[in-house]
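J.: A structural model of the following input is requested.
(one chain, ligands or ions: 1)
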Amino acid sequence: MSNKKVAIIFTGGTISMKIDPRISAAIPALSSEEIMSMVTNIDRFADIEIINFDRIPGPHMSPKKMMELSKIIKGLANRKDIDGIIVTHGTDTLEETAFLLDLNLFCEKPVVVTGAMRNGSELGYDGPSNLAAAICTAISPQAKNKGVLVVMNNEVNAASEVTKTHTLSLDTFKSLEFGPLGIVDNDEVIFYRDIVKHHHIQTDTIEENVFLIKTASGMDSTLIDFCIEKGAKGLVIEAMGRGNIPPTMVSGIKNAIDNGVIVVIVSRCPMGRVLDSYGYEGGGKTLRNLGVILGGSLNGQKARIKLMLALSITNDKDKIQEIFEKDFYTK
Ligand SMILES: NC(=O)C[C@H](N)C(=O)O
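T.: Next comes the predicted model:
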């Protein structure tokens with residue numbers, strides 16, 4: 001029986017880096033061929049097609065580039081000879097790209113995002129083992145129709161749930177609230193649970209004029225008003241707890257909504273969803289009455305990606321509310 005074929009799109013990140021002795025710091029340096037040469041025995045599992053998209057660090061990734069990536073993946077997914085697709089990525093923004101792809105792709109074939117926490121000059125470079133686990137996932141029939149998956153440290157997580165939790169641990173990608181979907185063990189993927197609620201946003205463009213503001217005690221409306229002045233189309237507020245903000249920020253939210261800016265509320269807590277359960281000034285109920293949208297249990301950076309995609313298809317607040325809240329809120 002012939003091998004399955006996997007396309008690997010290299011975008012950069014620590015998985016592509018080595019330490020430059022002149023500056024004693026990691027920079028992009030490894031070619032995709034050099035990286036693949038360290039993934040030993042892979043020819044027993046799959047034929048690999050390499051696509052060199054870029055060699056940028058995670059913080060250099062942009063929503064525009066994510067959309068380019070999505071387009072390339074759509075093309076690959078339509079090819080009969082490709083069984084699965086892998087994206088290598090800097091871990092700093094990996095969850096944002098993975099989530100954008102998850103929302104934008106309608107693809108039966110496995111799409112897996114991976115990276116590395118240690119660069120090619122460090123002891124215990126984890127790029128090759130993460131790539132090996134990603135390849136095992138990409139060729140697995142069980143990984144079909146699961147949405148975009150993030151595979152690192154032999155854990156399989158859903159792009160819609162996973163977040164980077166640790167600055168240096170190899171075990172940094174966690175689905176804090178619900179746990180991983182599965183594991184890679186003995187070159188095989190084993191799934192333990194599934195995602196029931198998949199959201200999709202069909203678009204080829206992205207609205208970049210969307211800002212993210214985190215709340216902290218005593219903050220006022222200065223940053224919100226600044227975003228409105230700069231012509232923001234959307235605003236994500238990382239609120240406190242269940243979705244509450246300091247009373248001094250309420251005038252900014254009102255100003256934003258009066259100016260047609262779509263405002264989505266998420267929580268700065270790492271787990272749990274927002275709800276309009278508090279009625280005091282700045283509480284979720286007062287924000288809801290002003291017209292904010294509830295972002296469920298998404299973190300700020302993911303809610304921003306979703307709002308950017310939603311705003312590329314409509315400016316209608318009710319439609320965007322439906323995009324965010326369907327399946328998660330009944331009233
Ligand atoms: N581990 C990593 O990939 C972190 C790196 N700063 C990046 O995102 O490119």
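J.: List, one by one, the residues from the stretch 201-331 of the chain near the ligand.
T.: Residues of the stretch 201-331 of the chain found near the ligand (Cβ under 6 Å from any ligand atom): none. In short, each C-beta sits where N, CA and C put it, glycine included.
J.: where do the strands sit along the stretch 201-331 of the chain?
T.: Along the stretch 201-331 of the chain, the stretches classed as strands by DSSP state E, counting those that start in this stretch are 210-214, 234-239, 262-267, 293-294.
J.: ok, now the stretch 1-150 of the chain?
T.: Here the stretch 1-150 of the chain has its strands, by DSSP E, counting those that start in this stretch, at 4-12, 17-20, 25-28, 46-56, 84-88, 111-114, 148-152.
J.: Please tabulate these in CSV and include mean pLDDT and distance to the ligand as additional columns.
T.: Shown next, in CSV, are the strands of the stretch 1-150 of the chain (pLDDT from 0 to 100; distance: least, Cβ to the nearest ligand atom, whole Å):
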stretch, mean pLDDT, distance to the ligand
strand 4-12, 98, 6
strand 17-20, 98, 7
strand 25-28, 97, 8
strand 46-56, 98, 8
strand 84-88, 98, 9
strand 111-114, 98, 10
strand 148-152, 98, 10
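J.: Those strands into JSON lines, with extra columns for distance to residue 159 and mean neighbour count?
T.: Shown next, in JSON lines, are the strands of the stretch 1-150 of the chain (distance: least, Cβ to Cβ, whole Å; neighbours: other Cβ atoms under 10 Å):
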{"stretch": "strand 4-12", "distance to residue 159": "15", "mean neighbour count": "23"}
{"stretch": "strand 17-20", "distance to residue 159": "23", "mean neighbour count": "18"}
{"stretch": "strand 25-28", "distance to residue 159": "24", "mean neighbour count": "16"}
{"stretch": "strand 46-56", "distance to residue 159": "18", "mean neighbour count": "16"}
{"stretch": "strand 84-88", "distance to residue 159": "11", "mean neighbour count": "27"}
{"stretch": "strand 111-114", "distance to residue 159": "7", "mean neighbour count": "30"}
{"stretch": "strand 148-152", "distance to residue 159": "4", "mean neighbour count": "29"}
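J.: Distance to residue 295 added to these, as CSV?
T.: As requested, the strands of the stretch 1-150 of the chain are arranged in CSV below (distance: least, Cβ to Cβ, whole Å):
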stretch, distance to residue 295
strand 4-12, 27
strand 17-20, 33
strand 25-28, 33
strand 46-56, 28
strand 84-88, 25
strand 111-114, 22
strand 148-152, 19
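J.: quick one, which of the ones you listed is nearest to residue 224?
T.: Checking those against residue 224 by Cβ to Cβ gives strand 46-56 as the closest, at 30.8 Å.
J.: if we can go back for a sec, so which of the strands of the stretch 201-331 of the chain gets nearest residue 308?
T.: For these, proximity to residue 308 was assessed by Cβ to Cβ; strand 210-214 is nearest, at 4.8 Å.
J.: Low-confidence ranges, the stretch 201-331 of the chain, go.
T.: Applying pLDDT under 70 to the stretch 201-331 of the chain flags residues 331.
J.: ok, which stretches of it are helices?
T.: Per DSSP state H, counting those that start in this stretch, the stretch 201-331 of the chain carries helices over the ranges 222-229, 250-258, 284-290, 300-313, 317-325.
J.: got those as a markdown table, with distance to residue 188 and mean neighbour count columns?
T.: Shown next, in a markdown table, are the helices of the stretch 201-331 of the chain (distance: least, Cβ to Cβ, whole Å; neighbours: other Cβ under 10 Å):
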| stretch | distance to residue 188 | mean neighbour count |
| --- | --- | --- |
| helix 222-229 | 48 | 17 |
| helix 250-258 | 49 | 19 |
| helix 284-290 | 44 | 18 |
| helix 300-313 | 29 | 24 |
| helix 317-325 | 36 | 16 |
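J.: May I see the ones you listed arranged in a markdown table, with distance to residue 63 as well?
T.: Output for the helices of the stretch 201-331 of the chain, formatted as a markdown table (distance: least, Cβ to Cβ, whole Å):
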| stretch | distance to residue 63 |
| --- | --- |
| helix 222-229 | 16 |
| helix 250-258 | 20 |
| helix 284-290 | 26 |
| helix 300-313 | 6 |
| helix 317-325 | 17 |
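J.: Which of those helices sits closest to residue 268?
T.: Evaluated over these, closeness to residue 268 peaks at helix 300-313, with 7.4 Å, by Cβ to Cβ.
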